[in-house]
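> fold the following for me, if possible:
(chains A and B)
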2 protein chains.
Amino acid sequence: MNNNEDLITSWFASQSNADAARFPIGIGDDMAQVRAGEDGTLLVTTDMLLDGVHFDLQQCTLEEACYKAMAASLSDCAAMATVPVCAVVAVALPIEFGVEELKRVHAGITEAGERFNCKLIGGDITKWKEEAESFAINVTMLSKASGWHVPVRRSGAKAGDVICVTGLLGGSMHGKHLHFTPRVNEALVITKTANIHAMMDITDGLSADLNRICTQSRVGAMLEMEKLPISDAARKTDDPYYAVFNDGEDFELLFTLAPEEFEKLKDLDTIQITRIGTVTDTMKMQALWQDGRIVVVEPGGYDHL
Amino acid sequence: MNNNEDLITSWFASQSNADAARFPIGIGDDMAQVRAGEDGTLLVTTDMLLDGVHFDLQQCTLEEACYKAMAASLSDCAAMATVPVCAVVAVALPIEFGVEELKRVHAGITEAGERFNCKLIGGDITKWKEEAESFAINVTMLSKASGWHVPVRRSGAKAGDVICVTGLLGGSMHGKHLHFTPRVNEALVITKTANIHAMMDITDGLSADLNRICTQSRVGAMLEMEKLPISDAARKTDDPYYAVFNDGEDFELLFTLAPEEFEKLKDLDTIQITRIGTVTDTMKMQALWQDGRIVVVEPGGYDHL
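Coordinates of the predicted model:
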């Protein structure tokens, strides 16, 4: 071995416990090989997270940042109710980073991945040349369809469906965005229990993400404002509803299903599921306040561009 | 559609010509879905390329940089003689970049991908917040095994094998590194013609990469110095042999095979293949000069760390 790169690649490979049946070729070759699901397909997602944008390494640890990067991709698997299989991770390191930092990157990645038996099977390590450049991490994750439900898309919502979310919304930036548990198992339980028409994870705020389901499904929505599950962090802000509608990175599930299917979810005592509204045929998003007022909801949320 | 991100995602989706049989779910959902190869597996590689490190946007175009990013991943597919299927691409944009730059990113990606019917099926767009931060692009590519040869690994070289390379080596930084043709089809033709024991692409210089084959195969190598195919760009340097051994980014194939299999390659008139040495059982790399001197070759090359 001639250089640091080969040494750290060997170390990463030595930490891998990927089994040969699922991964005939693992870390250390030009590509890793992954066995597909029973239906002969794999699903793929890629996410780039940047220091100063998605996390701030002056206020969180490198492990937390890398945990978040993996958890965000795991949340994409949850968004379609698929089973995470493996990830490849590329990092761009500031010039002062070395092997010690790479081991902390690895710790954050595996802490998130191992919770869901999602293996790190490859990656790429690069380093900036200029002082001013910041840490970036890119996670690409592969998942497979569950044995009982096709991957749930955004485009399947139907007028009359119940709109539901898991957990509590808003205020994620006050801490949750670094430590959330991706709703992988919740999505699998939900799709095993009821037939879900459309689903995604809430990453850009309820209004922006519900708008995506509405647009792709060619439907509208009527939200019931008093039913929205507002997080404590959002309640402490000046406008909790604004936080629910526009804060990003809740990483909760947003899904729709027929009313009779919704009844089947009522026994899932371990998962907080809230019915927040109804899919309509109006092609617009509206909100009903408790006093009877109806207002149009504009998709807000964080625009990455 | 509420924001630029949704608009550009729609535009990317509108440019996609991925067929539904190979890609049941394409751009615009939480994950894209990919059909695996006949053997039920896919291969995956990820590469991060940085402005100022892997290219310099003051000296090349954004299209060239993105072409290179895709071509480098295609070269990984070639390295194992696999068939490229699709890519997901994430970019980190400097703050002054907008939709126009994204379309140029798209142009570079598709210029490389379309040569090999490799589809762009998803991605992620992020933007730095600070002035000083530079463009980064991460390509993750999926490929499948060819119908006639298992993916060729680095670890299969055997003592007595012939060592070969395609093309010319050294001096890639003088231009080739931005405009090379990944050896995807050459790898497929070579593996269809002869049984290849070990292969990889030369990205970090012949000495570093041959060392990887030697290490992973637990063998050594004897190179014949006068046989090395030296590029014109390398010949113009003070030390052409140094350039061949240590310059990175040749993106040529390095492979080993039994001498009788090598004979089968002699009719491949359209591919420049050079026999540069022999695999040995010494566990070290050596070079034989024309005057009979034998010197030990230390793995050099570019250390990304």
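> going forward, measure contacts between C-alpha atoms and count neighbours the same way
OK.
> quick one: the helices in chain A, in order.
Here chain A has its helices, by DSSP state H, at A:4-15, A:62-79, A:99-114, A:176-179, A:184-193, A:206-217, A:232-235, A:240-246, A:259-264.
> mind checking the pLDDT average for the fifth one?
Confidence for helix A:184-193, expressed as mean pLDDT, is 98.
> next, see if stretch A:198-217 gets close to chain B.
Yes - residues of stretch A:198-217 contacting chain B under C-alpha under 8 Å from any C-alpha of the partner chain: A:200, A:208, A:211, A:212, A:215.
> got JSON lines for the helices of chain A, with distance to residue A:297 and mean neighbour count too?
Formatted as JSON lines, the helices of chain A follow (distance: least, C-alpha to C-alpha, whole Å; neighbours: other C-alpha atoms under 10 Å in any protein chain shown):
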{"stretch": "helix A:4-15", "distance to residue A:297": "48", "mean neighbour count": "15"}
{"stretch": "helix A:62-79", "distance to residue A:297": "23", "mean neighbour count": "28"}
{"stretch": "helix A:99-114", "distance to residue A:297": "35", "mean neighbour count": "18"}
{"stretch": "helix A:176-179", "distance to residue A:297": "24", "mean neighbour count": "19"}
{"stretch": "helix A:184-193", "distance to residue A:297": "27", "mean neighbour count": "20"}
{"stretch": "helix A:206-217", "distance to residue A:297": "7", "mean neighbour count": "23"}
{"stretch": "helix A:232-235", "distance to residue A:297": "18", "mean neighbour count": "18"}
{"stretch": "helix A:240-246", "distance to residue A:297": "9", "mean neighbour count": "22"}
{"stretch": "helix A:259-264", "distance to residue A:297": "23", "mean neighbour count": "14"}
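> among those, show the one with the smallest mean pLDDT.
Among these, helix A:4-15 has the lowest mean pLDDT, at a mean of 83.
> export that helix as PDB, just CAs?
Extracted C-alpha coordinates of helix A:4-15, given in PDB (Å, rounded to 0.1, in the frame of the first residue of the first chain):
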ATOM      1  CA  ASN A   4      -3.100   7.200   2.700                       C
ATOM      2  CA  GLU A   5      -6.000   6.700   0.300                       C
ATOM      3  CA  ASP A   6      -5.300   2.900   0.000                       C
ATOM      4  CA  LEU A   7      -4.800   2.700   3.700                       C
ATOM      5  CA  ILE A   8      -8.100   4.300   4.600                       C
ATOM      6  CA  THR A   9      -9.900   2.300   1.900                       C
ATOM      7  CA  SER A  10      -8.500  -0.900   3.500                       C
ATOM      8  CA  TRP A  11      -9.700   0.400   6.900                       C
ATOM      9  CA  PHE A  12     -13.200   1.100   5.600                       C
ATOM     10  CA  ALA A  13     -13.200  -2.400   4.000                       C
ATOM     11  CA  SER A  14     -12.100  -3.900   7.300                       C
ATOM     12  CA  GLN A  15     -15.000  -2.300   9.100                       C
END
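> list the buried residues of stretch A:263-278.
Across stretch A:263-278, burial judged by 16 or more other C-alpha atoms under 10 Å in any protein chain shown covers A:265, A:271, A:273, A:274, A:275, A:276, A:277, A:278.
> actually, stretch A:23-33.
Neighbour counts using 16+ other C-alpha under 10 Å place A:23, A:25, A:26, A:27, A:28, A:29, A:30, A:31, A:32, A:33 of stretch A:23-33 among the buried residues.
> out of the residues you listed, which touch chain B?
Applying C-alpha under 8 Å from any C-alpha, the subset of those adjacent to chain B comprises A:29, A:30, A:31, A:32, A:33.
> nearest spatial neighbour of residue A:228, chain-adjacent residues omitted?
Sequence neighbours aside, residue A:276 is the residue nearest to residue A:228 in space, at 5.7 Å (criterion: C-alpha to C-alpha, 6 or more residues apart in numbering or on different chains).
> touching, the one you found and residue A:223? I think so.
Yes - contact criterion C-alpha atoms under 8 Å: residue A:276 and residue A:223 qualify, at 5.8 Å.
> can you pull up the most central residue in chain A?
The residue lying closest to the centre of chain A (C-alpha atoms, centre = their mean) is residue A:75, at 2.4 Å.
> residues making contact with the longest strand along chain A?
Counting by DSSP state E, the longest strand found in chain A is strand A:82-93. Strand A:82-93 is contacted from outside by A:74, A:77, A:116-128, A:134-146, A:151, A:184, A:188, B:44-48, B:50, B:138, using C-alpha atoms under 8 Å, 6 or more residues apart in numbering or on different chains.
> could you flag which of the residues you listed are buried?
A:74, A:77, A:116, A:118-128, A:134-146, A:151, A:184, A:188, B:44-48, B:50, B:138.
> coming back round to it: and the longest strand of chain A with helix A:184-193, angle?
Angle, strand A:82-93 to helix A:184-193, by axes from the mean of the first three to the mean of the last three C-alpha atoms, to 10 degrees: 160 degrees.
> is stretch A:250-257 anywhere near chain B?
No - judged by C-alpha under 8 Å from any C-alpha, stretch A:250-257 and chain B are separated, with a smallest distance of 11.8 Å.
> what residues does that stretch touch?
Here stretch A:250-257 makes contact (C-alpha under 8 Å, 6+ apart) with A:72, A:75, A:78-79, A:157-158, A:161-172, A:176-177, A:180, A:182-183, A:187, A:195-205, A:210, A:279.
> mind checking how far residue A:131 is from residue A:63?
Distance from residue A:131 to residue A:63, counting by C-alpha to C-alpha, to the nearest Å: 22 Å.
> just to revisit the earlier point, out of the contacts of stretch A:250-257, name the ones that lie in strands.
A:162, A:163, A:164, A:165, A:166, A:198, A:199, A:200, A:201, A:279.
> which residues does the first one contact?
If you count contacts by C-alpha under 8 Å, 6+ apart, residue A:162 has them with A:256, A:257, A:258, A:259, A:262, A:275, A:276, A:277, A:278, A:279.
> what's the local residue count around the second one?
Residue A:257 sits with 25 neighbouring residues when counted by other C-alpha atoms under 10 Å in any protein chain shown.
> identify the bridge partners of it.
Taking DSSP bridges as the rule, residue A:257 bridges to residue A:162.
> got the confidence number for it?
On the pLDDT scale, residue A:257 is placed at 98.
> quick check: angle from the longest strand of chain A to helix A:99-114?
170 degrees.
> next, the buried residues of strand A:82-93.
Neighbour counts over strand A:82-93 (16+ other C-alpha under 10 Å) mark A:82, A:83, A:84, A:85, A:86, A:87, A:88, A:89, A:90, A:91, A:92, A:93 as buried.
> picking up where we left off before, tell me which of the contacts of residue A:162 is nearest to chain B?
Checking the contacts of residue A:162 against chain B with C-alpha to the nearest C-alpha, the nearest one is residue A:256 at 15.4 Å.
> how far away is the closest one from residue A:122?
Note on residue A:256: its distance to residue A:122, by C-alpha to C-alpha, is 36 Å.
> same question, residue A:42
Using C-alpha to C-alpha, we find residue A:42 at a distance of 17 Å from residue A:122.
> for residue A:164, same thing?
Relative to residue A:122, residue A:164 is positioned 36 Å away (C-alpha to C-alpha).
> also residue A:257?
For residue A:257, the distance to residue A:122 equals 37 Å [C-alpha to C-alpha].
> can you check residue A:242 too?
From residue A:242 to residue A:122 the distance is 40 Å (C-alpha to C-alpha).
> and the nearest residue to residue A:188 once chain neighbours are set aside, what does it touch?
Spatial nearest neighbour of residue A:188, chain neighbours left out: residue A:81 (5.4 Å); criterion: C-alpha to C-alpha, 6+ apart. When contacts are counted by C-alpha under 8 Å, 6+ apart, residue A:81 is found next to A:145, A:146, A:149, A:151, A:152, A:184, A:187, A:188, A:191.
> ok, and the closest non-adjacent residue to residue A:112?
Looking at residue A:112 with C-alpha to C-alpha, 6+ apart, the closest residue is residue A:67, at 5.4 Å.
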